[in-house]
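Student: Fold the following and give me the result.
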Amino acid sequence: MFSTNIYPKLLMDFLSEKQITTHSQCSFQGFIYYSLTGSEFFLLASMAYDRYVSISKPLQYHTIMRKTTVKILLVLTWLLPACQLVPSAVIINTSQICRFTLNGIFCNNAISKLYCATPRISYLIYGVFILINTVFLPLLFILFTYTKIFIICYRSCREVRRKAAQTCLPHLLVLISFSCLCSYDIIITRLEISLSQTARFIMTLQVVLYHPLFNPVVYGLKMKEISQHLRRLFCQSKFKLSVRADARSAIISFVI
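Tutor: Coordinates of the predicted model:
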């Protein structure tokens, strides 16, 4: 969903002579982008809680993580970020536009620079409120749960530590990748820090390319069937290379 919100319009811009969009389409893309960003952090926090319960309280896991609990977590994960962005959508639709050139390849917080007058204090307070609720609080909760997990694993046997590492490492890698993605949006648009064109290009690539590819690769390699198939594939390729090398050396020695 995150990639679908960006890629179709991006491909249309690549194929078009003029890169244009309507105000309503741009506002809708920005709303979906930030609601999905918040949902991603809430999903990562829910996954951290699930791992914490499974490692710290394995015997009570099925009584704590019931279907009702999972449904409540999923509903809050998808609806809470979108509900928090409703006031922002209302403000954007009622604001007057004075500039018509967006400095970016998709609609994010940079759209706020197009309006004639933006109330700076209320804009910053609202942005900080959204940032705390959708980013910092889930991050603090994830750090808390993983600290508890690491303490439990440190006191446990090697087998528990190995299973915890296999379970938690992909989650932490995705969390770091997505946190870097969100830091780009805050640095470029909210704080209005001027960066070089190369740095902007690299951070923009992270949004549209790195993270959408990184996420399925990390969770795909974690699956036993995929990892085993890749091991067999690489082992077969090494065997073929070694056989060809031995055959070539044998032919050379025979000729000599």
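Student: Can you say which helix or strand has Ser54 in it?
Tutor: helix 23-56 (DSSP states H and E).
Student: which outside residues touch the helix or strand that that helix is followed by?
Tutor: Per DSSP H and E, the first helix or strand lying C-terminal to helix 23-56 is helix 61-64. Identification of contacts with helix 61-64 by CB atoms under 8 Å, 6 or more residues apart in numbering yields 53-54, 57. C-beta: built from backbone N, CA, C; applies to glycine.
Student: again, but for stretch 173-183
Tutor: The contact list for stretch 173-183, computed with CB under 8 Å, 6+ apart, reads 37, 40-41, 44, 135, 139, 142, 206-207, 210-211, 214-215, 218-219.
Student: Buried ones only from those, please, as a PyMOL command.
Tutor: To isolate the buried ones among the contacts of stretch 173-183 in PyMOL, judged by 16 or more other CB atoms under 10 Å, type:
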select buried, resi 37+40+41+44+135+139+142+206+207+211+214+215+218
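Student: Pick the one among the contacts of stretch 173-183 closest to Leu80.
Tutor: Phe41 (10.6 Å; CB to CB).
Student: Per-residue pLDDT of the closest one, please?
Tutor: Per-residue confidence (pLDDT) for Phe41: 90.
Student: repeat for Asp13
Tutor: 86.
Student: Likewise for the one 4 residues further on?
Tutor: In the predicted model, Glu17 carries a pLDDT score of 85.
Student: coming back round to it: pick the one among the contacts of helix 61-64 closest to Arg232.
Tutor: Nearest to Arg232 among the contacts of helix 61-64, with distances taken as CB to CB, is Ser54, at 29.7 Å.
Student: Count the residues that sit near that closest one.
Tutor: 17 (other CB atoms under 10 Å).
Student: what residues are up against it?
Tutor: Per CB under 8 Å, 6+ apart, neighbours of Ser54: 61, 65, 167.
Student: Only the buried subset of the residues you listed, as a ChimeraX command please.
Tutor: To isolate the buried ones among the contacts of Ser54 in ChimeraX, judged by 16+ other CB under 10 Å, type:
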select :65,167
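Student: okay if I get the contacts of Ser54 as a markdown table plus pLDDT and distance to Ser122?
Tutor: Formatted as a markdown table, these follow (pLDDT from 0 to 100; distance: CB to CB, whole Å):
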| residue | pLDDT | distance to Ser122 |
| --- | --- | --- |
| Tyr61 | 90 | 45 |
| Met65 | 91 | 40 |
| Thr167 | 75 | 43 |
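Student: Done for today, thanks.
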